[in-house]
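Q: Below are the sequence and a predicted model; questions follow.
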Amino acid sequence: MMDMKKLLGIALTLIVASGLNAQTKNVLFLGNSYTGVNDLPGTIETLALSLGDTLLHDRNTPGGHTMSGHSTNATSLSKIAAGGWDFVAIQSQSQEPSFSPASVATNVYPYAEIICDSIESADICAEPLFYMTWGRKNGDAGNCPFYTPVCTYEGMQRRLRESYVEMAQDNDASVSPVGAVWQQVRDSIPGLELYSPDESHPSVAGTYVAACTFYASIWRKSPVGASYVSSLSAADALAIQTLTERVVLDSISNWRLGHNAAVANLNSSLLTGTTYQFDPIGSQGDSLFWSFDGGPLFGDTLGAVVNHTYVGPGTYIVQLIAKNECHTDTLNYELIISPFGTSVDEKEFELAVYPNPVSSSLSINTDEPIQEYAIYDLSGKLLIKNAVGNVVQFEVDFSSFAKGTYQLEIITKDSRAIRKVIKH
C-alpha cells in the first residue's frame with residue numbers, strides 16, 4: 001500500500017490554457033474548385049461554431065486555377081492586400097504539385113513564393129497556410145505516361161505531400177495536411193466514399209475531412225466532439241475527427257503549425273516549505289511576463305526561472321504571458337497546495353482499479369465510501385474532477401482520452417489515494 005501520509009503532502013497543479021478559450025480567426029482562401037465545391041470555407045465555419053469558435057472568411061476560387069494564376073490574379077492580390085488575415089490558405093491546381101520535382105520547382109515553387117511575399121508585404125502577421133490536397137482515387141491516368149509516380153493514388157499522394165511540405169519550409173509557412181488525413185481516412189474507413197463520381201473532387205464526406213483538418217490546423221485544437229457532422233453518420237464523423245486529431249496534432253511540427261506563435265507554458269516544482277519554482281519550459285516568444293495572485297506583471301526575459309513563496313495551503317493563480325511581434329498567449333496556472341500535512345493521521349483504505357491498462361471503462365472498487373475522483377496528466381494538469389456521492393463502486397469512461405499515462409486521485413472523507421492509469 002502506498003504511503004498515504006506522503007501522498008497527502010503532495011501539491012497538485014492545474015493548468016488552464018488560454019488556447020482552450022473560444023477564438024475568432026480571419027482566413028482568406030485562395031484556390032479553385034477543390035476549395036469551392038461543397039463550400040469548404042462555410043463547412044469549416046459551421047464546424048468551428050459547433051466547437052465554440054468563429055471563422056470569418058473570404059475567398060477567390062476560380063475553377064482550375066494554378067499557383068501561377070493566383071500570383072497574378074487581380075482579385076487574389078487585392079484580397080491579400082486588404083490585410084487583417086490570420087491565415088491565407090493557398091491551394092494549387094490539384095495535379096501540378098504531384099509532378100516531377102523539376103517540374104514543380106519550375107512551375108509551382110516560384111509562384112508560391114510570390115504569393116507568400118505578397119502576404120508578408122500586406123501584413124507581416126498573416127500566416128500562409130498551404131492546403132495539401134489528395135491524390136486522385138486511382139491515380140492520374142492522363143499524366144501517368146509522362147511521370148510514373150502519379151500512376152497510382154499512393155504515388156500521387158506522396159508527391160503532393162512532399163511538394164506542399166517543401167513549399168511551407170521554403171516560405172516560412174505552415175501546412176493544412178488534408179491529403180495526409182484523407183489517406184488515413186481512406187485506409188481506415190474504406191467503405192466511406194471521399195470522392196465525387198469524377199474520382200477527383202471531394203464528396204461531402206471528403207469536404208468534411210478537409211474541414212476537420214483545417215479546423216485542427218488553424219486553431220491547433222482537436223475537432224473531436226464537434227456536434228456538426230454534415231450529412232455523415234455520427235460514427236463516421238467521429239472517426240474522421242479522431243483520425244484528424246491523430247494526424248494533425250500528434251505531428252504538429254511536421255506541418256509547421258504554430259511555429260511563429262507565442263506560447264506560454266510552464267512547469268512548477270516544490271523547492272522547500274511553501275516556496276515553488278516556476279520554469280517557463282516550452283514557452284516561445286520575444287518576452288515573458290509573470291503575475292502572482294493578481295499582482296502586477298513583471299519580467300521580460302524569455303526562459304528565466306521564477307521562485308515564489310506562499311503563505312500556506314490554498315489555491316493560487318500564476319499568470320504567464322508570452323509575446324512576440326504578432327501574437328500574445330496567456331496561461332493561467334492554478335496551483336493547489338494541499339491542506340493535508342504529514343502530521344495528519346490518515347486511515348488507509350483498500351482500492352482496486354481495473355482493467356489497467358484500460359481502453360474504455362475503468363472500474364473502481366473500495367472498502368470506504370468515495371466522495372470524488374480526479375484525473376491528471378503527468379504534468380499535473382487537471383483533466384476531470386467529479387463528485388460521485390459516497391459510493392464504493394463506480395466506473396470512469398476513458399474512451400475519449402488519448403493514449404498515455406494518467407494519475408487517478410480517489411478522495412474519501414478522511415483519505416485519498418493516487419493510482420497510475422495507462423490508456424491504450
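A: All right, it came through fine. Here the structure is a predicted model, which is why all the values come from computation and not from measurement.
Q: Please count neighbours and contacts with C-alpha atoms only from this point.
A: OK.
Q: where exactly do the strands run in the stretch 151-300 of the chain?
A: In the stretch 151-300 of the chain, the segments counted as strands under DSSP state E, counting those that start in this stretch are 174-176, 267-272, 275-279, 287-292.
Q: Could you report the distance from the closest residue to residue 167 other than its chain neighbours to residue 101?
A: Take residue 167 and drop its neighbours on the chain: the residue closest to it by CA to CA, 6 or more residues apart in numbering is residue 109, 6.6 Å away. Distance of residue 109 to residue 101, given as CA to CA, to the nearest Å: 10 Å.
Q: cool, and residue 219?
A: Computed with CA to CA, the distance linking residue 219 and residue 101 is 31 Å.
Q: May I have the beta-bridge partners of residue 284?
A: residue 263 (DSSP bridges).
Q: coming back round to it: look at the residue nearest to residue 167 and say how many residues are nearby.
A: Per other CA atoms under 10 Å, the neighbour tally for residue 109 reads 21.
Q: got the phi/psi numbers for residue 117?
A: Per-residue torsions, residue 117: phi -60, psi -40 (degrees, to the nearest 10).
Q: What does the pLDDT read for it?
A: Residue 117 carries a pLDDT value of 98.
Q: And for it, the neighbour number?
A: Other residues within reach of residue 117, judged by other CA under 10 Å, total 16.
Q: With adjacent residues omitted, what lies nearest to residue 57?
A: residue 27 (4.8 Å).
Q: So between residue 219 and residue 101, which is more surrounded?
A: Legend: neighbour count by other CA under 10 Å for residue 219 and residue 101, higher for residue 219 (19 against 14).
Q: Any idea what the residue nearest to residue 57 is bridged to?
A: What pairs with residue 27, by the bridge criterion (DSSP bridges), is residue 57, residue 87.
Q: what separates it from residue 119, distance-wise?
A: Distance from residue 27 to residue 119, by CA to CA: 12 Å.
Q: list residues touching both of the two?
A: Taking CA atoms under 8 Å, 6 or more residues apart in numbering as the criterion, residue 27 and residue 119 both touch residue 88.
Q: What about residue 246, how many residues nearby?
A: Residue 246 has 16 neighbours, counted by other CA under 10 Å.
Q: in stretch 354-366, what counts as buried?
A: For stretch 354-366, burial by neighbour count (16 or more other CA atoms under 10 Å) applies to 358-359, 362, 364-366.
Q: Ignore what I typed, I meant stretch 266-279.
A: Buried, per 16+ other CA under 10 Å, within stretch 266-279: 266-268, 276-279.
Q: Would you point out the most distant pair within those residues?
A: Farthest apart among the buried residues of stretch 266-279 by CA to CA are 266 and 276. That separation is 12.3 Å.
Q: doesn't residue 405 fall inside a helix?
A: No - counting by DSSP: H, G, I helix; E, B strand; the rest coil, residue 405 is not found in a helix; it is strand.
Q: so where's the stretch 51-200 of the chain shaky on pLDDT?
A: Within the stretch 51-200 of the chain, no stretch falls below the threshold (pLDDT under 70).
Q: can I assume residue 384 sits in a helix?
A: No - Residue 384: not assigned to a helix; according to three-state DSSP it is strand.
Q: still on that earlier bit, got the buried residues of stretch 266-279 as JSON lines, with pLDDT and distance to residue 235 columns?
A: Below are these laid out as JSON lines (pLDDT from 0 to 100; distance: CA to CA, whole Å):
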{"residue": "266", "pLDDT": "86", "distance to residue 235": "37"}
{"residue": "267", "pLDDT": "86", "distance to residue 235": "37"}
{"residue": "268", "pLDDT": "86", "distance to residue 235": "40"}
{"residue": "276", "pLDDT": "92", "distance to residue 235": "46"}
{"residue": "277", "pLDDT": "92", "distance to residue 235": "45"}
{"residue": "278", "pLDDT": "92", "distance to residue 235": "43"}
{"residue": "279", "pLDDT": "92", "distance to residue 235": "42"}
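Q: Could you single out the nearest of these to residue 178?
A: Lowest distance from residue 178 to the buried residues of stretch 266-279 (CA to CA) belongs to residue 266, with 31.6 Å.
Q: Quick check: closest non-adjacent residue to the closest one.
A: Distances taken as CA to CA, 6+ apart put residue 280 closest to residue 266, at 4.1 Å, once the chain neighbours are dropped.
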